[in-house]
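> Sequence first, predicted coordinates after that:
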Amino acid sequence: MSSNPILASIKRIPPVTRFFTIGSVLACIGISTFNGFDKLFINYPILSYLILVTKYSFQNDKTYLAKSMTLFTGLIQFYKFFSSFIIPSGILSKDISTLLNIYFFYTFSNHLEIGKFGGIFPDYVWFILLNGIMIQIVRLGLECLSPTIASMITYPHEMLLACLTYIWSRQNKNATINLMGLIPIKAYYLPLGNIIVNGIVGGPIAVTGSLIGIMSGYLYLCLQSQTTPIYNLFPGAYGTPMNRTASGRRVGATSIDRPGTRTPIEAEFIGDSIYDSGYLRAPTWLYNFLNYPRVRPNNGTVPLVNRTGNMSRMQQQQATADSVSSGNSWFSGNKADGESPVFRGKGQRLGG
């Protein structure tokens, strides 16, 4: 008996991406059908109210059992810090943007999980945890400081999507995509394009959410590359060799090309910055907790799936750019980010 093709397709989705995709769909159903928004979402006003109610009840309880139950009930509500990330923006207005946000989250998360992180489950979980914590801290801090922001609903899901988009764009700078399905641009400029679109459609609050996500992604890259934020944006930071002609156009950029040797295609190629280097592995305790074997492929710096023979960084990104559609869709092809066929040889002896 053949397996269900729908279930087979779901099983092929990487685990973390699958969790967020299915979780977001179920959250939308729960909110639309059972009005469960307050059961899943948290922001600064809700957090303040929760703390106030818990404190008042705790002070008025007479027995230790009642105090314990009140404290437990208050603490268990902190699951909302995590469940808030599966609520896509637009769910309350019930418009098409909700489905688009789920789709884009799935797309970028899928490419990152099997591409940049090579399908290594703990490393991608660690990436999500770090960025999720940073996003919640900054978000709640801004809501605490600004009554205007606190009076509006900001979605961690949308901020995490901006973070994923930024990390993906740094990994695939030279891939060609279509902004809103209409304007072909390099992936390097996608975060900026999204900020402009969000500013037009969603206003300052939407722009703030995008900036929080991008900032979180940038700080993660700083941790990954073990470089100092802001300082690593300056040309020639950390003594990196620099080509003034190619690198002077972009802050923090370095060039691998020599003057006068670049082809027209290479002249448009965007090289890596110093903070694009490195690879941040999850701590040992997370590997142990998830019961995942701690393998160290290629000296433990980059996942095996993300290394493409002896190809240079330019060739890898150009291969990725060729695998991305310039038509009406965002992506095409079945290859993971950074992957391309490797020459296997013909088995002939030298001199034979």
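Yes, it's here.
> Just want the most central residue of the protein.
By C-alpha atoms, centre = their mean, the mean C-alpha position of the chain lies nearest to Leu164, the distance being 2.0 Å.
> Report the contact partners of that one.
105, 108-109, 112, 213, 217 (C-beta atoms under 8 Å, 6 or more residues apart in numbering). Bear in mind the C-beta positions are built from the backbone N, C-alpha and C, glycine included.
> Check Ser32 too.
For Ser32, the contacting residues are 91, 94, taking C-beta under 8 Å, 6+ apart as the criterion.
> Quick check: which element contains it?
When elements are defined using DSSP states H and E, Ser32 is found to belong to helix 15-34.
> Just give me the neighbour total for Arg12.
10 (other C-beta atoms under 10 Å).
> Can you check the pLDDT for it?
What the model reports for Arg12 is a pLDDT of 93.
> Gly30 now?
In this prediction Gly30 is given a pLDDT of 93.
> OK, contacts around it?
Contact partners of Gly30, counting by C-beta under 8 Å, 6+ apart, are 36, 39-40.
> got it, and Thr208?
Thr208 neighbours (C-beta under 8 Å, 6+ apart): 142, 149, 154.
> So among these, where is pLDDT lowest?
Per-residue pLDDT puts Ile149 lowest of the contacts of Thr208, at 85.
> which residues are contacting the helix or strand harbouring that residue?
The secondary structure element spanning Ile149 is helix 147-150 (assigned by DSSP H and E). Outside of helix 147-150, the residues that reach it under the criterion C-beta under 8 Å, 6+ apart are 43-45, 142-144, 205, 208.
> how does it look with 7 Å?
When contacts are defined by C-beta atoms under 7 Å, 6 or more residues apart in numbering, helix 147-150 is touched by residues 44-45, 142-143, 205.
> Just put the residues you listed in CSV and tack on secondary structure, distance to Pro88 and neighbour count.
Formatted as CSV, the entries for those read as follows, by DSSP: H, G, I helix; E, B strand; the rest coil; distance: C-beta to C-beta, whole Å; neighbours: other C-beta atoms under 10 Å:
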residue, secondary structure, distance to Pro88, neighbour count
Tyr44, helix, 20, 19
Pro45, helix, 21, 14
Leu142, helix, 20, 17
Glu143, helix, 19, 21
Ile205, helix, 15, 16
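> Farthest-apart pair in those, please.
Taking every pair in those and measuring C-beta to C-beta, the maximum separation is 14.9 Å, between Pro45 and Ile205.
> about what we covered before: can I get the contacts of Thr208 in CSV including distance to Thr176?
As requested, the contacts of Thr208 are exported to CSV (distance: C-beta to C-beta, whole Å):
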residue, distance to Thr176
Leu142, 35
Ile149, 35
Thr154, 31
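> on that earlier part again, just give me the closest of the contacts of helix 147-150 to Arg294.
Taking C-beta to C-beta as the measure, Arg294 sits nearest to Leu142 out of those, at 37.2 Å.
> measure the closest residue to the closest one other than its chain neighbours to Phe78 for me?
Taking C-beta to C-beta, 6 or more residues apart in numbering as the measure, Leu142 lies nearest to Ile149, with 5.2 Å between them; neighbours along the chain are not counted. With the distance defined as C-beta to C-beta, to the nearest Å, Ile149 ends up 21 Å from Phe78.
> more neighbours, the two?
Relative neighbour count places Ile149 above the other of Ile149 and Phe78, with 20 against 11, counting by other C-beta under 10 Å.
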